[in-house]
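[1] only geometry, no sequence info:
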């Protein structure tokens, strides 16, 4: 006899399936899923994977655009698929269709990939140009495609051994019964003594080359997955920082406790789950004794015969398995440190109070608008005429900062006719400005002695003006008394002031034909 009445088991199963479907709907909107489902996913993934090879985790915009531009034909040739089996177009696909066939540049593709979450943009203080790196979603997508391409089984003996070893280690380290721990240590000692006796008797049991190679490849795969984890660490730390700021601004919750901890100097970022996990990893990575011992083990493995079965890239990754982790780990630490300092400044400078007032004003305005949405039709004319319907945005770097000590240029520049300086005026300038006439006289005689004659410009080119404009005035004074003027002729003389600024002036041409007496 059958019944169609629902029972608890079917209800629970139906609820679980519905919840899983809802979870997958959320994941479908994530960047990883959208990238894999994009019409141009093969071209995009291939370009991003070649643009960011091992070691190039971050690129300036100009270099990134150039690398993408080298493969632009792949994106233009990849036409959208049609038919019942075609993937649904993503945001980037729709933009491609709107831009027209083959009409988008490499820079436009880069900007679109940033909006889609395939690339992450960073403002690096060590670079004058904005830098980009693959997002954690892109790393996950590339690793997923690589796993399909390699077809390497995951149910291997080496992986099972790693799991069992981790279970044994965790069980031993968390055992609270002293007698049980002593018994475990006794069994380990007996196994070690048995191995020592076998070696002393000449028995040497080794695993097969295939099994050893598989274990090495599994270890390398686990190490490769860490690179994507570093990117996720940084995103998770930023998410924790944002959540703490939201709690500080929120009128409800435990903002008072958070403020007290931050003002006391507590590192709430480091105390978070992601912070504690990364701190433990970074401490182990930077342990000199641990790193030295592990690197020695890696060097010994590279000398084994079975390691020659690895490819060239795999051997390089094995040799640099730890050195490749230092730079991204340091970047995560720098991000964590900067976020901690920024959060501390946000609290200690009382900036959060201004943000809180602004947030309350916005929430009040939003509440008034929501209260009126059912009473005021959407097409009701607005009684006020806005003076400015739109605003033109520009970069901060385009604005010049005002110098309060700069009086500014006059409204109209005054033009003066050029006049000749008399000997009396030059004498007065020399006297009032304490010009080194003796030093200038030595310079004139030295330059003139080598070439037979010398103008003021010749002297300044070989003997720079130590006193700036004062040296030029001093040379003019010596020329009016001891040099021969060339009627109607002028020359351009240049000099550098004491502040490093370069100047030029047009002066009458004088030639020193004889030595100037030193007074």
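    Happy to help now that I have it. The model shown is predicted, which means the values in this text are computed figures rather than measured ones.
[2] Skipping adjacent residues, who's closest to residue 41 in space?
    Distances taken as CB to CB, 6 or more residues apart in numbering put residue 35 closest to residue 41, at 6.2 Å, once the chain neighbours are dropped. Every C-beta, even on glycine, is put in place using the N, C-alpha and C of the backbone.
[3] Which positions in the strand or helix carrying the one you found come out as buried?
    Using DSSP states H and E, residue 35 sits within helix 31-37. Within helix 31-37, the residues scored as buried using 16 or more other CB atoms under 10 Å are 31-36.
[4] now those in TSV, with pLDDT and distance to residue 335?
    Below are the buried residues of helix 31-37 laid out as TSV (pLDDT from 0 to 100; distance: CB to CB, whole Å):
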residue	pLDDT	distance to residue 335
31	83	20
32	84	22
33	87	26
34	88	25
35	87	24
36	87	27
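[5] Which one of these is nearest to residue 441?
    Ranked by distance to residue 441 (CB to CB), those are led by residue 31 at 76.6 Å.
[6] any idea which helix is longest in the chain?
    Across the chain, the longest stretch assigned as helix under DSSP state H is helix 209-249.
[7] where's that helix relative to the chain centroid, distance-wise?
    With CA atoms, centre = their mean, to the nearest Å as the basis, helix 209-249 stands 18 Å off its chain's centre.
[8] neighbours of residue 223, just the number please.
    By other CB atoms under 10 Å, 16 other residues sit near residue 223.
[9] Ok, residue 465 next?
    Using other CB under 10 Å, residue 465 has 23 neighbouring residues.
[10] Equivalent analysis for the one 5 residues further on, please.
    Residue 470 is surrounded by 20 other residues when neighbours are defined as other CB under 10 Å.
[11] Scan the helices and strands of the chain for the one with the lowest mean pLDDT.
    When the helices and strands of the chain are compared on mean pLDDT, DSSP states H and E, helix 91-99 comes out lowest with a mean of 50.
[12] Following element in sequence after that helix, please.
    From helix 91-99, the next helix or strand downstream (DSSP H and E) is helix 106-116.
[13] ok but residue 352 is inside a helix, no?
    Yes. Assessed by DSSP: H, G, I helix; E, B strand; the rest coil, residue 352 belongs to a helix.
[14] Now for it: which residues touch it?
    Residue 352 is in contact with 245, 248-249, 346, counting by CB atoms under 8 Å, 6 or more residues apart in numbering.
[15] Highest neighbour count among those?
    In terms of neighbours by other CB under 10 Å, these top out with residue 248 at 20 neighbours.
[16] hang on, residue 133 packs against residue 114?
    No. Counting by CB atoms under 8 Å, residue 133 stays clear of residue 114, with 10.8 Å between them.
[17] Can you list the helices and strands that the helix holding residue 35 packs against?
    Using 3 or more CB pairs under 8 Å, 6 or more residues apart in numbering; DSSP states H and E, the elements in contact with helix 31-37 are helix 8-28, helix 41-51, helix 106-116, helix 136-150.
[18] pLDDT score for residue 351?
    On pLDDT, residue 351 comes in at 74.
[19] cool, and the one 3 residues further on?
    Looking at residue 354, its pLDDT is 78.
[20] returning to that earlier point: list just the nearest of the contacts of residue 352 to residue 479.
    residue 346 (65.4 Å).
[21] okay, and for the stretch 101-250 of the chain, where does confidence drop off?
    Scanning the stretch 101-250 of the chain for pLDDT under 70 picks out 101-103, 124-127, 150-158, 226-228.
[22] List the contacts of the closest residue to residue 486 other than its chain neighbours.
    Of all residues not flanking residue 486 in the chain, residue 509 sits nearest, at 4.4 Å (CB to CB, 6+ apart). Residues in contact with residue 509 (CB under 8 Å, 6+ apart) are 455, 485-486, 489-491.
[23] mind checking which helix or strand residue 486 is in?
    Using DSSP H and E, residue 486 sits in strand 484-496.
[24] Identify the neighbouring strands of that strand in the sheet and state each direction.
    Counting by DSSP bridges, the strands paired with strand 484-496 are strand 502-512 (antiparallel).
[25] Show me the helices in the stretch 201-350 of the chain, by range?
    Counting by DSSP state H, counting those that start in this stretch, the stretch 201-350 of the chain has helices at residues 209-249, 255-263, 268-271, 273-285, 288-302, 312-319, 323-348.
[26] show me what contacts the nearest residue to residue 333 once chain neighbours are set aside?
    Spatial nearest neighbour of residue 333, excluding adjacent residues (CB to CB, 6+ apart): residue 282 at 6.1 Å. Residue 282 is in contact with 329, 332-333, counting by CB under 8 Å, 6+ apart.
[27] In JSON lines, list those residues along with pLDDT, neighbour count and distance to residue 191.
    Formatted as JSON lines, the contacts of residue 282 follow (pLDDT from 0 to 100; neighbours: other CB atoms under 10 Å; distance: CB to CB, whole Å):
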{"residue": "329", "pLDDT": "80", "neighbour count": "18", "distance to residue 191": "35"}
{"residue": "332", "pLDDT": "80", "neighbour count": "21", "distance to residue 191": "39"}
{"residue": "333", "pLDDT": "81", "neighbour count": "15", "distance to residue 191": "40"}
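[28] Closest one to residue 449 out of the residues you listed, please.
    Nearest to residue 449 out of the contacts of residue 282 is residue 333 (CB to CB; 65.5 Å).
[29] The helix holding residue 35: how far from the chain's middle?
    How far helix 31-37 lies from its chain's middle: 23 Å, per CA atoms, centre = their mean.
[30] same deal with stretch 475-490?
    Centre to centre, stretch against its chain (CA atoms, centre = their mean), the figure for stretch 475-490 is 61 Å.
[31] What mean pLDDT does that stretch get?
    85.
[32] Make 540 the starting number, not 1.
    Sure, I'll start counting at 540 from here, so that last one is stretch 1014-1029.
[33] Tell me which residues of it come out buried.
    1014-1019, 1021-1022.
[34] Quick one: neighbours of residue 611, just the number.
    16.
[35] just residue 850 next, same as before
    9.
[36] Contact partners for the residue lying closest to residue 1032 once chain neighbours are set aside?
    Of all residues not flanking residue 1032 in the chain, residue 996 sits nearest, at 4.8 Å (CB to CB, 6+ apart). With contact set as CB under 8 Å, 6+ apart, residue 996 has these partners: 1030-1033.
[37] Please report the distance of the nearest residue to residue 648 once chain neighbours are set aside from residue 788.
    The shortest distance from residue 648 to any non-neighbouring residue, by CB to CB, 6+ apart, is to residue 607 (5.9 Å). The gap separating residue 607 from residue 788 is 39 Å, by CB to CB, to the nearest Å.
[38] Over to residue 903?
    Look at residue 903 and residue 788: by CB to CB, they are 14 Å apart.
[39] again, but for residue 826
    For residue 826, the distance to residue 788 equals 40 Å [CB to CB].
[40] which one of the buried residues of helix 570-576 is nearest residue 717?
    Closest approach between the buried residues of helix 570-576 and residue 717, by CB to CB: residue 571, at 47.9 Å.
[41] Look at residue 1012 and say how many residues are nearby.
    19.
[42] Check which helix or strand it maps to.
    Element membership for residue 1012 (DSSP H and E) is helix 1008-1021.
[43] could you say what helices and strands that helix packs with?
    Applying 3+ CB pairs under 8 Å, 6+ apart, we find helix 1008-1021 packed against helix 962-971, helix 976-990, helix 995-1001, strand 1023-1035, strand 1041-1051.
[44] What angle do strand 1023-1035 and that helix make with each other?
    Orientation check (axes from the mean of the first three to the mean of the last three CA atoms, to 10 degrees): helix 1008-1021 against strand 1023-1035 gives 170 degrees.
[45] Count the residues that sit near the nearest residue to residue 774 once chain neighbours are set aside.
    Nearest residue to residue 774, sequence neighbours excluded (CB to CB, 6+ apart): residue 675, at 5.9 Å. When neighbours are counted by other CB under 10 Å, residue 675 registers 21.
[46] Surely residue 675 and residue 772 touch.
    No. Using CB under 8 Å, residue 675 is not in contact with residue 772, being 9.2 Å away.
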